[in-house]
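K.L.:
Return a 3D structure for these sequence lines:
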Amino acid sequence: MAEAKAVCQACDVRVHCLGHALAFREQHGVWGGLAPTERQRILASLASVAHNAREFGPGWSLDHGLPTATEAPGGAEVIPWVQTLRA
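P.N.:
Got it, this is the predicted structure:
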C-alpha cells in the first residue's frame, strides 16, 4: 500500500481521483493517495456534517464538523476538495 500511496503523491490528478473514489464509494485500492479506511473516515465526517445540518437547521454552519487539515486523512491536500462541497 505504501508504494501505491507514494505514486499518488506526485500525481497531478490526485484530488480528482480522490473525489471520484468518494463520490462512487470505491471500496478497494488506493485512490487519491488514500486507503479505503481513510476514505471511509472522510465519508463518515461528511455524513456527520449532513446529519447536523438537517438536525440543527439553517443556522448551523457547515464549518462545524469538517475535519481540519491535520485531522483529515491526506492532510491539507484533501481539504480543498472537501471545501468544494460548500459551493
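
K.L.:
low-scoring pLDDT stretches of this structure, where are they?
P.N.:
By pLDDT under 70, the low-scoring segments of the chain are 51-53, 56-87.

K.L.:
if we go to 90?
P.N.:
Within the chain, the segments meeting pLDDT under 90 span 1-2, 4, 9-10, 15-16, 19, 22-23, 41-87.

K.L.:
Relative to Gln40, how far out is Leu34?
P.N.:
9 Å (C-beta to C-beta, to the nearest Å). In short, each C-beta sits where N, CA and C put it, glycine included.

K.L.:
Repeat that for Leu46.
P.N.:
Leu46 is 11 Å from Gln40, by C-beta to C-beta.

K.L.:
what about Leu34 and Gln40, which has more around it?
P.N.:
Neighbours per residue, other C-beta atoms under 10 Å: of Leu34 and Gln40, the larger number sits with Leu34, 25 against 15.

K.L.:
these two touch, right, the more buried one and His20?
P.N.:
No. Using C-beta atoms under 8 Å, Leu34 makes no contact with His20, being 11.8 Å away.
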